[in-house]
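Q: predicted model and sequence follow; I will ask about them next.
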Amino acid sequence: MRAFLTLILLVAVERVAELVVSRRNLEWSKAHGGREFGAGHYPVMVALHTGLLVGAVAEARIRKRWIWPAFWVVVAAQLLRWWCITTLGKQWNTRVVVVPGVPRVTGGPYGVVPHPNYVAVVLEGAALPLAGGAWVTAALFSVANALLLRTRIRVEDEALQSLA
């Protein structure tokens, strides 16, 4: 259980680092005329991702299992996420913000998959709770996340059309 709690803590610290980068990039985007799309679903996304961490810890306390393959999927998801963040640079954000005149990024993982950061989110959302044996949390998050990503990807695609 201690190893799983350490993993959850590390992911929570990573999330804080993401928010710091996102806040800095949001300020840059707004200073350059950035326009936010789909702000209404953002609080739902924050609540869902917070619930993932809380639910995984709560359920893992009952199950008390450590599953190594899931741990390695979590690591791979983090690597993919930070590849996305570094590829997008100042354009990366936890919100959907488009800066006029800034070209769409098509390199790095974006040259392979249209929304690679969401691949990382899906992988992590399933694997993180499973690393602690929290399969109910993994299933519930995955279903809720799929519903949210339907909206998020539609909003993001519409926002990116404004770059054309």
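A: Sure thing, it's come through. These figures come from a predicted structure and were not determined experimentally. Numbering: from 1, shown residues only.
Q: what is the burial count for the spatially closest residue to R15 that is not a sequence neighbour?
A: Spatial nearest neighbour of R15, excluding adjacent residues (CB to CB, 6 or more residues apart in numbering): H49 at 7.2 Å. Every residue, glycine included, has its C-beta placed from N, CA and C. H49 has 19 neighbours, counted by other CB atoms under 10 Å.
Q: from the contact counts, what lies against the host helix or strand of H49?
A: Under the criterion of DSSP states H and E, H49 resides in helix 42-63. Packing partners of helix 42-63 (3 or more CB pairs under 8 Å, 6 or more residues apart in numbering; DSSP states H and E): helix 2-31, helix 116-131, helix 135-161.
Q: what mean pLDDT does the second one have?
A: What it means is helix 116-131. Regarding helix 116-131, the rounded mean pLDDT is 98.
Q: list the residues that contact the spatially most central residue of the chain.
A: The chain has V121 as the residue nearest its centroid, 4.4 Å off, counting by CA atoms, centre = their mean. Going by CB atoms under 8 Å, 6 or more residues apart in numbering, V121 touches A77, R81, N145, L149.
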